[in-house]
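# Predicted coordinates and the sequence they were generated for:
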Amino acid sequence: MTKDELIDSVASKTDVSKKDAEKIINAVLETITNSLTDGQKVALTGFGTFDISKRAARTGVNPQNPGQKIQIPAMTVPKFKAGKSLKDAVR
């Protein structure tokens, strides 16, 4: 499902215009992004939890030249842990 398909689905299920549905979805995504940027965890009960994780620097292999080692820098990455309701629905 693409973002446009999600907007269409939300608009039809909530009886709001596509423009308003797009504003709502963008606001939700922006709020989640800002919270993660500030180091906060976002928990949506029944759906899942968005959090950040720190990866240490490490040595990797250049995929184009497997004999060459490259240094991969430390970074902070987002992660998602599905909630029980979501896991049960997908199973």
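Received it, and whenever you're ready, just let me know what you need.
# Centre of the chain to the longest helix along the chain, how far?
The single longest helix within the chain, with elements called by DSSP state H, is helix 18-37. Chain-centre distance of helix 18-37: 12 Å, with C-alpha atoms, centre = their mean, to the nearest Å.
# Outside of that helix itself, list whatever touches it.
By C-beta atoms under 8 Å, 6 or more residues apart in numbering, the residues outside helix 18-37 that reach it are 3, 6-8, 10-11, 14, 16, 41-42, 50-52, 78. Yep, even glycine has a C-beta here, placed from its N, CA and C like the rest.
# pLDDT score assigned to the residue of the chain most remote from its centre?
Of all residues in the chain, Gly67 sits farthest from the chain's C-alpha centroid, using C-alpha atoms, centre = their mean; the distance is 33.8 Å. Per-residue confidence (pLDDT) for Gly67: 90.
# Give me the secondary structure label for it.
For Gly67, the secondary-structure state derived from DSSP: H, G, I helix; E, B strand; the rest coil is strand.
# Helices of the protein, residue ranges please.
According to DSSP H, the chain carries its helices in the segments 3-14, 18-37, 84-90.
# Figure out which of those is closest to Pro73.
Nearest of the helices of the chain to Pro73, taken as C-beta to C-beta: helix 18-37 at 18.7 Å.
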